[in-house]
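A.B. asks: heads up, no residue letters with this:
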């Protein structure tokens, strides 16, 4: 065995996205102690930068030391107790995963189902909230990575609040790529991932809890079932004056990378990043249309950073993706769950959302599928 | 805010240890997809290298995508069900954390207590196993990072097996630094950390389950309460022929680093690494003795990679550590739990276990404490 030298790849799948050299350089800086005063000061900057990215003043804003799936689990294990009722919107794979989380907690899950590729239906959610008074939470996916559909998070958070339910929002693929306003929308608990529109390597899950979520955490009758994800304990490391209480050993280098990624986002500006993602999405959409390919998601619900393209009849899913990878060095995603074999997922996330990348994947697809632009 | 440039530090605390340039270089290689065939092939190498490091042929050997605390939790949530009895040996902070894990699972915890700084008492464990027939598991810490004490893992695993209990072994600080023989000892479930004697950055927890543990996992009556740590699901990503099932997005760059760290350990050889840790420990012990400092742990139970030194009467704990850091760039650890303020923890782990580092910390301590070698 030898040192692993990764091949050159243009990452236009559902994440991870390409990590720019500046973030890789930050990642590779010498490791220091997780209780070193200089490191603790950097952690404070990470919190501030995350608050800016989430558009929130929530004090409980920090990255979970594990991938987005753990961020999801952190929300559920901290907020939900056995016997609680949670309304889960399932319009893709990640809604299904939320349901798994609820069930494993011994809580009751009410599913609101919409077809894969559609936004969550506000009417159905309203009806479910009315039919389940006292529901503890409404959980939904802001940006469904498995389908490319955006849902109206502002309206869903508002509905939850009106019915006295907490909102739990998956914005793993949303943060940095599309408008997200945690405070203005009243999102109570939200989590994201480092490896999508932030363009840091995978492995961290930014999370934010608002005052209603913190109140629910403080009012728990049972201990949080996960020690690792217990936010009461995690917070004792991530906040407070002076010395921090040891909880777990923070992933020091990954936090260097997240710090740098958030700094880059801050330098570009949130609105500018959203606009860039949108512009490159439109460029891709136009190009796909020109070679006769269709989008799965209705226009109003399309995520600019995750474009699901219907695989044309007669085309070979795996073979096409294999050729994209082997001949062109381009990774795109296959369909997940019930969309397997039916769609390709073309991500234009973070650093990778650039016109030249759009053109590269369009050109490669046109060659492989033998289609000329109309 | 600016890019974070960490200060130069010699990391002689309880971990993380210094990460050598070769591992930092691996960490910074371009991110590729977590389902990329080339990445999957590297994952297979990581599994083989981990098997070698653990001295096991266990198929279920892989790194958990989170720090050692999550590795601990993965063992408990996968093996223990509500109502089970678990015998937990507590001779340091991490035994106490194991107890927390057991209680949060709704299982019954029987504590076997030994003083901080002592090895786990085999007699007490034997008595506890006899007094609790049908106990599901015996959990203990092989290398107690909070106290510097090694316990006789071979004998403890044997006792557990004789009583039909699974052994759950914390070797976060042990792996790579002291003899560890998973198969020869019959350790059923074991976890470690990337940031100690492997000298990779913190954030991953190598884990291995033997056949008895896998049988217990397969015989569960209740679902694993954590979705993220459910090894049945994690395994579907880490094994199998051809394409891997997506579970969570693997921490790609951290796995590059772990791969390189394991390769370095393989090149040096396990026995050579153990011998190096022991030699540098003896050099440190001799130097500490020469300036009149005493070790907390009785000689027979001393961990070479984590040396607990009694703070001499009249010396200032925080002030001394602050001067070590500020004036000499050396991090050592303070005491944890009931040892806070009573000991310093001097780690000589992995890449940092070198004679010149021993001499640096001895010289700095002699200056700060104003002691001359006898």
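C.D. replies: Structure received. Keep in mind that what you see is a predicted model, and the values were worked out from it rather than measured.

A.B. asks: where does residue A:282 land in three-state SS?
C.D. replies: helix (DSSP: H, G, I helix; E, B strand; the rest coil).

A.B. asks: residue of the stretch 101-250 of chain A nearest chain B, please.
C.D. replies: Nearest to chain B in the stretch 101-250 of chain A, going by Cβ to the nearest Cβ, is residue A:203, at a distance of 3.3 Å. C-beta: built from backbone N, CA, C; applies to glycine.

A.B. asks: next one: residue A:239, what pLDDT does it get?
C.D. replies: Residue A:239 is assigned 85 on the pLDDT scale.

A.B. asks: give me the buried positions along stretch A:304-318.
C.D. replies: The neighbour-count check on stretch A:304-318 (16 or more other Cβ atoms under 10 Å in any protein chain shown) flags A:304-311, A:315 as buried.

A.B. asks: related to what we said a few turns ago, burial measure for the nearest residue to the residue of the stretch 101-250 of chain A closest to chain B once chain neighbours are set aside, as a count.
C.D. replies: Spatial nearest neighbour of residue A:203, chain neighbours left out: residue B:251 (3.3 Å); criterion: Cβ to Cβ, 6 or more residues apart in numbering or on different chains. Residues near residue B:251, counting by other Cβ atoms under 10 Å in any protein chain shown, number 28.

A.B. asks: same check, this time on the one 4 residues further on
C.D. replies: Look at residue B:255: counted by other Cβ under 10 Å, it has 27 neighbours.

A.B. asks: residues contacting it?
C.D. replies: Contacts for residue B:255 (Cβ atoms under 8 Å, 6 or more residues apart in numbering or on different chains) come out as B:42-43, B:46, B:63, B:204.

A.B. asks: next one, pLDDT for it please.
C.D. replies: For residue B:255, pLDDT reads 98.

A.B. asks: and what of residue A:242?
C.D. replies: Taking residue A:242 on its own, its pLDDT is 60.

A.B. asks: chain B contacts on the stretch 151-300 of chain A?
C.D. replies: A:193, A:195, A:201-203, A:223-228, A:246-254, A:256-257, A:259-260, A:263, A:266 (Cβ under 8 Å from any Cβ of the partner chain).

A.B. asks: whichever of the residues you listed end up buried, select them in PyMOL.
C.D. replies: In PyMOL, this line selects whichever of those come out buried by 16+ other Cβ under 10 Å:
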select buried, chain A and resi 193+195+201+202+203+224+225+226+227+228+246+247+248+249+250+251+252+253+254+256+257+259+260+263
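
A.B. asks: those helices in the stretch 1-150 of chain A, which residues are they?
C.D. replies: Here the stretch 1-150 of chain A has its helices, by DSSP state H, counting those that start in this stretch, at A:21-27, A:37-54, A:68-79, A:93-104, A:122-131.

A.B. asks: no wait, the stretch 201-350 of chain A
C.D. replies: A:211-218, A:231-238, A:252-268, A:270-290, A:317-328.

A.B. asks: out of those helices, which one sits most buried?
C.D. replies: helix A:252-268 (a mean of 24; mean count of other Cβ atoms under 10 Å in any protein chain shown).

A.B. asks: what's the angle between it and helix A:37-54?
C.D. replies: 40 degrees (axes from the mean of the first three to the mean of the last three Cα atoms, to 10 degrees).

A.B. asks: between the helices of the stretch 201-350 of chain A, which has the poorest mean confidence score?
C.D. replies: Looking at the helices of the stretch 201-350 of chain A, the weakest mean confidence is helix A:231-238, a mean of 90.

A.B. asks: in terms of secondary structure, what does that helix contact?
C.D. replies: strand A:60-64 (3 or more Cβ pairs under 8 Å, 6 or more residues apart in numbering or on different chains; DSSP states H and E).

A.B. asks: do the strand it packs on and chain B meet at all?
C.D. replies: No - no part of strand A:60-64 sits near chain B under the criterion Cβ under 8 Å from any Cβ; the closest distance found is 8.7 Å.

A.B. asks: ok so, going back, possible to save the helices of the stretch 1-150 of chain A as TSV with mean neighbour count, mean pLDDT and distance to residue A:344?
C.D. replies: Below are the helices of the stretch 1-150 of chain A laid out as TSV (neighbours: other Cβ atoms under 10 Å in any protein chain shown; pLDDT from 0 to 100; distance: least, Cβ to Cβ, whole Å):
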stretch	mean neighbour count	mean pLDDT	distance to residue A:344
helix A:21-27	20	98	27
helix A:37-54	18	97	29
helix A:68-79	27	98	21
helix A:93-104	21	97	16
helix A:122-131	15	98	29
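
A.B. asks: may I see those arranged in TSV, with distance to residue B:142 as well?
C.D. replies: Output for those, formatted as TSV (distance: least, Cβ to Cβ, whole Å):
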stretch	distance to residue B:142
helix A:21-27	31
helix A:37-54	28
helix A:68-79	26
helix A:93-104	30
helix A:122-131	50
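
A.B. asks: any chance of those in a markdown table with distance to chain B as columns?
C.D. replies: Listed next are the helices of the stretch 1-150 of chain A as a markdown table, based on distance: least, Cβ to the nearest Cβ, whole Å:
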| stretch | distance to chain B |
| --- | --- |
| helix A:21-27 | 5 |
| helix A:37-54 | 5 |
| helix A:68-79 | 4 |
| helix A:93-104 | 5 |
| helix A:122-131 | 23 |
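
A.B. asks: adding distance to chain A, write the contacts of residue B:255 out as TSV.
C.D. replies: Output for these, formatted as TSV (distance: Cβ to the nearest Cβ, whole Å):
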residue	distance to chain A
B:42	5
B:43	10
B:46	9
B:63	11
B:204	8
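
A.B. asks: and the furthest pair within those?
C.D. replies: Within the contacts of residue B:255, B:42 and B:204 form the most distant pair, 13.8 Å apart (Cβ to Cβ).

A.B. asks: please tell me how far residue A:253 sits from residue B:24.
C.D. replies: Distance, residue A:253 to residue B:24, by Cβ to Cβ, to the nearest Å: 8 Å.

A.B. asks: now do the shared contacts for those two.
C.D. replies: A:28-29, A:31, B:257.

A.B. asks: how is chain A carved up into domains?
C.D. replies: For chain A, automatic domain parsing gives the domain ranges A:10-15+A:270-368, A:21-266.

A.B. asks: who wins for proximity to residue B:143 among those?
C.D. replies: domain A:21-266 (14.8 Å).

A.B. asks: between the two ends of stretch A:199-217, how far is it?
C.D. replies: 31 Å (Cα to Cα, to the nearest Å).

A.B. asks: picking up where we left off before, the domains of chain A: which one's closest to residue B:321?
C.D. replies: domain A:21-266 (10.2 Å).

A.B. asks: for residue A:32, grab phi and psi.
C.D. replies: phi -120, psi 180 (degrees, to the nearest 10).

A.B. asks: residues touching the closest residue to residue A:107 other than its chain neighbours, list them.
C.D. replies: Excluding its sequence neighbours, the residue lying closest to residue A:107 (Cβ to Cβ, 6+ apart) is residue A:84, at 4.5 Å. Neighbour list for residue A:84: A:105, A:107-108, A:136-137 [criterion: Cβ under 8 Å, 6+ apart].

A.B. asks: and residue A:84, what's its pLDDT?
C.D. replies: 98.

A.B. asks: can you give me every residue that contacts the spatially closest residue to residue A:237 that is not a sequence neighbour?
C.D. replies: Using Cβ to Cβ, 6+ apart and skipping the chain neighbours, the partner closest in space to residue A:237 is residue A:247 (4.3 Å). If you count contacts by Cβ under 8 Å, 6+ apart, residue A:247 has them with A:233-234, A:236-237, B:69.

A.B. asks: hmm, which two among those residues are most spread apart?
C.D. replies: A:236 and B:69 (13.6 Å).

A.B. asks: which single residue of the stretch 251-374 of chain A ends up nearest chain B?
C.D. replies: For the stretch 251-374 of chain A, Cβ to the nearest Cβ, closest residue to chain B: residue A:251, 3.3 Å.

A.B. asks: pretty sure that residue contacts residue B:254?
C.D. replies: Yes - contact criterion Cβ atoms under 8 Å: residue A:251 and residue B:254 qualify, at 7.3 Å.
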